[in-house]
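Enquirer: What shape does this take:
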Amino acid sequence: MRRTEIILASASPRRHEILTLARIPHRVLTAPADEAAVPFPAGDPGEYVIALAKLKNDALFAAYRDEIGDTPVLSADTVVWAPAMKQPLGKPKDPDDARRMLRQLSGTSHEVWTGVMIRAGAAESAFAVSTEVRFRDLTDEEIDEYVNSGDPLDKAGAYGYQSGACVFVEEIRGDYYNVVGLPVCRVAEELARLGISARGRMDRNDENNRY
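Expert: Got it, this is the predicted structure:
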């Protein structure tokens, strides 16, 4: 099994933090990807998030193929979904959209889906992981206070379980880190299956953003 650094094709600080916590050396490299070009297949959020993760992976290779070479690239995308929803919830467009999402989630159970794609040369793995989350009933005052904090504006479903919205969650069934943005247990398993040992020493002060 070869030991190597991976490339994280995501600007999400939470995914970077999860990989750092797991002692998986990585560097961040991103490229623009038109997520609006991926249609939502009715009732299949798993297929949708895998397609989004693949889109981000493809965009990075198109922009930096020579630089990447055979270095493993990990991309991911997370959405919030419940069967009653016609469309999954991504990041809110603005504070009013965040309020709408939180009212929709109040007092209900929903699923958090993360799609992941790992590509290393000719080998690749794509998968989706789901975690069930239940919110207690939220008051309008609680929603307004949370939205005004700015915390939900860059998060799928307009909430961060690892931050201010932890007080909204009554129950969670599944991988906590999947709700934060990356199912790191499954990621480690898939890296090993591809023959990649990605755990090792990290240097937090590396100016090239390697950990």
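
Enquirer: so residue 78 sits in a strand?
Expert: Yes: counting by DSSP: H, G, I helix; E, B strand; the rest coil, one finds residue 78 located in a strand.

Enquirer: With residue 144 as the reference, measure out to it.
Expert: Distance of residue 78 to residue 144, computed by CB to CB, to the nearest Å: 25 Å. Using the backbone N, CA and C atoms, a C-beta is placed for each residue, glycine as well.

Enquirer: Can you pick out the residue with more neighbours from the two?
Expert: More crowded of residue 78 and residue 144, by other CB atoms under 10 Å: residue 78, with 29 against 13.

Enquirer: what sits against that one?
Expert: 49, 112, 113, 114, 115, 156, 178, 181 (CB atoms under 8 Å, 6 or more residues apart in numbering).

Enquirer: ok, which stretches of the chain are strands?
Expert: Ranges of strands in the chain, per DSSP state E, are 2-3, 6-8, 26-28, 73-81, 109-120, 123-135, 169-173, 196-197.

Enquirer: Worst mean pLDDT among those strands?
Expert: For those, mean pLDDT drops lowest on strand 2-3, to a mean of 56.

Enquirer: ok, now how distant is the residue of the chain most remote from its centre from residue 98?
Expert: Ranked by distance from the centre of the chain (CA atoms, centre = their mean), the top residue is residue 141, with 28.4 Å. As judged by CB to CB, residue 141 and residue 98 stand 15 Å apart.

Enquirer: Residue 62 and residue 33 touch, don't they?
Expert: No: with contacts counted by CB atoms under 8 Å, residue 62 stays clear of residue 33, the gap being 9.4 Å.
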